[in-house]
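In: below is the structure, and that's it, no one-letter string:
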């Protein structure tokens, strides 16, 4: 802060918690008022700490003005966006800051895919379509060393191209920052020159999900493990996997269920949060939904909720918190092997298994999509529907009958 400004301040000193406290009424550079305070062992130390605190506020105000005018670098703006997510508050608890894997991944791509390129130093208001086209070409050829051994003597680089999902993570951050700046501008955002990368989608088949009789085999085995209860969480895992196979919900949605989400009178289950993210948010707006419940699922929910309080998790870990998805994956893989199902599946595979089973049994695609919480029917068909060989055979047999009938009429 300037010396003249410091001289205008009327600083009051007193003793607080055995330290000198300095306080003053301040008018910041944007005209707003404040009454900051700071502590120190002496008056000089307290005054210095107070002036530093005032300058920090003024710097934040200056940064905000630069941000509004696009006079900050793209790197600064993206980092600021990531920090905003890290410092967001939990909607349910209202106090604890988010520290989830999403923020960590954002920081990873920020360091590895944005900072190395010159566009990170360009000011937002000076970025044009040509800059983004050049940046996208950089992303297309970007590689990372997959080798874990960093000893110079033993290290043999194993360079790999980044996946489309990783590249799209940094693209979303950059596009979000630029679109936000141009939202109220008379000019169009240049982000049309930075489209997302298409992710290769392998057509689903029977190896990707549990199909036909495998679903009943799995359900029977889960029930058997619940009754045995060899380990403390076995009953919870068994009920959790069974519900996943009957409801086609996301793993995080099931792990985030609380007793208050189950309406036993109406026999409806509300999906409104997830254990996937630190702040409890669902994946998309359409993910919030109310599901009618089958009798088999009703039995599980009534049994699990019998002694729970409103905010208790229905499928908790041993401490009453969110159940670990990685541990659930390990348990599922082992149980499927023990049940004689030789498929490399994970927890999320049960969602696709349930969706495919619904379609196999003639449920309409629109209904399946709504139950899964998809905003587009295409998403359901593209990622979760596998056509079994048996269904293909039945369809062809039906067409054979159609041809025979046509020949008879000819």
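Out: That came through, no problem. Computed from a predicted model, the values in this text were never measured in an experiment.
In: contacts, neighbours, all on C-alpha from now
Out: OK.
In: which SSE is the spatially closest residue to residue 347 that is not a sequence neighbour in?
Out: Using CA to CA, 6 or more residues apart in numbering and skipping residues adjacent in sequence, the residue nearest residue 347 is residue 329, 5.4 Å away. Using DSSP states H and E, residue 329 sits in helix 325-338.
In: kindly report the same for residue 59.
Out: Assigned by DSSP H and E, residue 59 belongs to helix 43-68.
In: does anything pack onto that helix? Which helices or strands?
Out: Packing partners of helix 43-68 (3 or more CA pairs under 8 Å, 6 or more residues apart in numbering; DSSP states H and E): strand 19-23, strand 37-40.
In: would you mind checking the average pLDDT for the first one?
Out: Meaning strand 19-23. If you average the pLDDT over strand 19-23, you get 92.
In: beyond it, next helix or strand please.
Out: Downstream of strand 19-23, the next assigned helix or strand under DSSP H and E is strand 26-27.
In: beyond that following strand, next helix or strand please.
Out: Sequence order places strand 33-34 as the next helix or strand after strand 26-27, per DSSP H and E.
In: in its sheet, what does that next one sit against?
Out: Strand 33-34 pairs in its sheet with strand 26-27 (antiparallel), by DSSP bridges.
In: how about stretch 290-302: buried residues?
Out: 290, 291, 293, 297, 298, 301 (16 or more other CA atoms under 10 Å).
In: so residue 313 sits against residue 322, correct?
Out: Yes: contact criterion CA atoms under 8 Å: residue 313 and residue 322 qualify, at 7.4 Å.
In: going by distance to residue 39, which of the buried residues of stretch 290-302 wins?
Out: Closest approach to residue 39 among the buried residues of stretch 290-302 (CA to CA): residue 290, at 53.3 Å.
In: pairing partners for the strand or helix carrying that closest one, with directions?
Out: Secondary structure from DSSP H and E places residue 290 in strand 289-292. If you go by DSSP bridges, strand 289-292 pairs up with strand 268-271 (antiparallel).
In: can you list contacts of the partner strand?
Out: 253, 257, 261, 262, 263, 287, 288, 289, 290, 291, 292, 293 (CA atoms under 8 Å, 6 or more residues apart in numbering).
In: farthest pair in the residues you listed?
Out: With CA to CA as the measure, no two of these lie farther apart than 263 and 287, at 18.3 Å.
In: between these two, who's got more neighbours?
Out: It is residue 287, of residue 263 and residue 287, that has more neighbours when counted by other CA atoms under 10 Å, with 22 against 14.
In: that one against residue 272, yeah?
Out: Yes: counting by CA under 8 Å, residue 287 does reach residue 272; the two are 7.5 Å apart.
In: which residues do the two both contact?
Out: Here residue 287 and residue 272 have no joint contacts, going by CA under 8 Å, 6+ apart.
In: sketch out the low-pLDDT regions of the stretch 151-300 of the chain for me.
Out: 151, 276-281 (pLDDT under 70).
In: the strands in it, which residues?
Out: For the stretch 151-300 of the chain, the strands defined by DSSP state E, counting those that start in this stretch cover 159-161, 262-263, 268-271, 289-292.
In: could I get these as CSV with distance to residue 306?
Out: Listed next are the strands of the stretch 151-300 of the chain as CSV, based on distance: least, CA to CA, whole Å:
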stretch, distance to residue 306
strand 159-161, 51
strand 262-263, 11
strand 268-271, 15
strand 289-292, 19
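In: please parse the chain into its domains.
Out: By the assignment in automatic domain parsing, the chain contains the domains 3-68, 74-193, 213-394.
In: ranking those domains by burial, who's on top?
Out: By mean neighbour count, with neighbours taken as mean count of other CA atoms under 10 Å, domain 213-394 ranks first of the domains of the chain at a mean of 18.
In: off-centre distance for that one?
Out: Relative to the chain's own centre, domain 213-394 is displaced by 18 Å; criterion: CA atoms, centre = their mean, to the nearest Å.
In: one more: stretch 211-220?
Out: Centroid separation for stretch 211-220 versus its chain: 30 Å, with CA atoms, centre = their mean.
In: cool, and stretch 203-223?
Out: Relative to its chain's centre, stretch 203-223 lies at 27 Å (CA atoms, centre = their mean).
In: just the endpoints, please. Distance across it?
Out: Its start and end residues considered, stretch 203-223 measures 32 Å (CA to CA, to the nearest Å).
In: can you list the residues that contact it?
Out: Stretch 203-223 is contacted from outside by 238-239, 241-242, 245, 335-336, 339, 341, 343-345, 349-350, 352-353, 356-357, 382-388, using CA under 8 Å, 6+ apart.
In: does residue 14 lie in a helix or a strand, and which?
Out: Going by DSSP H and E, residue 14 is part of strand 12-16.
In: could I get the full set of helices for the stretch 251-400 of the chain?
Out: Taking DSSP state H, counting those that start in this stretch to define them, one finds helices in the stretch 251-400 of the chain at 251-255, 295-305, 325-338, 349-360, 365-372, 377-384, 389-409.
In: can you list those in a markdown table and add distance to residue 24?
Out: What follows is these, written out as a markdown table (distance: least, CA to CA, whole Å):
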| stretch | distance to residue 24 |
| --- | --- |
| helix 251-255 | 49 |
| helix 295-305 | 55 |
| helix 325-338 | 51 |
| helix 349-360 | 60 |
| helix 365-372 | 57 |
| helix 377-384 | 58 |
| helix 389-409 | 78 |
